[in-house]
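# Take this sequence and fold it.
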Amino acid sequence: MTSIRHNDVVLDAARDCVLDYGVRRTTLTDVARRAGVSRMTIYRRWPDVRSLVGDLMTREWVRVVEELDVRDPVAAVVAGVRALRGHPLLRKIVGADPELLLPYLLQRTGATHEAILAVLEPAVGDRAKARVILLVAQSFLLSGPTMLDAGALDAELTTLLEGYLA
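Alright, predicted model coming up:
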């Protein structure tokens, strides 16, 4: 089995475990069993569940971003926020293990942020604007549902981005 394919099998198993149990109750043994590999195979690549889940989150969120049509950056950002808002893994993490997201909100950018910026910056033509748009989108994704329903969130995000990029 190739390394990339092998990683996907393990990441798929990790996703299934997290969806079933949450991050805190998932063990590398659970993941190994589901993936049909030894624990040592997993430990060679991931020292703990958090690092495995970090790679899983990156894979899942980047897949969403790769499907966006950035010829219309506003529509792409709104569609991306909508897709991530409904993503089962993100919903599970926000509901059961939201502390996993704190480092990416308060301390550092992650691989997903960098992947989004790599797509967004050329689409809007400005690095600073791309970063601001990412911050706004992140806010609408994670905090927005505390303020407005999904339809209103999408409409307001569209209005905000159209004004900002005009």
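# In this protein, which residue sits furthest out from the middle?
residue 166 (27.7 Å; Cα atoms, centre = their mean).
# ok, that one to residue 123 distance?
15 Å (Cβ to Cβ, to the nearest Å). The way it works is simple: take the backbone N, C-alpha and C, and place the C-beta from them, glycine included.
# Find the nearest non-adjacent residue to the residue nearest the centre of the chain, please.
With distances taken as Cα atoms, centre = their mean, residue 61 lies nearest the centre of the chain, 3.4 Å away. Closest residue in space to residue 61, ignoring its immediate chain neighbours: residue 112 at 4.4 Å, by Cβ to Cβ, 6 or more residues apart in numbering.
# For the one you found, pull up the helix or strand it's in.
Remark: residue 112 resides in helix 111-124, with elements defined by DSSP states H and E.
# list the buried ones in that helix?
112, 113, 115, 116, 117, 119, 120, 121, 123, 124 (16 or more other Cβ atoms under 10 Å).
# got a list of what the first one touches?
Listed by Cβ atoms under 8 Å, 6 or more residues apart in numbering, the contact partners of residue 112 are 57, 58, 61, 62, 65, 104.
# Please tell me I have it right and the first one contacts residue 89.
The one in question is residue 57. Yes: counting by Cβ atoms under 8 Å, residue 57 does reach residue 89; the two are 7.1 Å apart.
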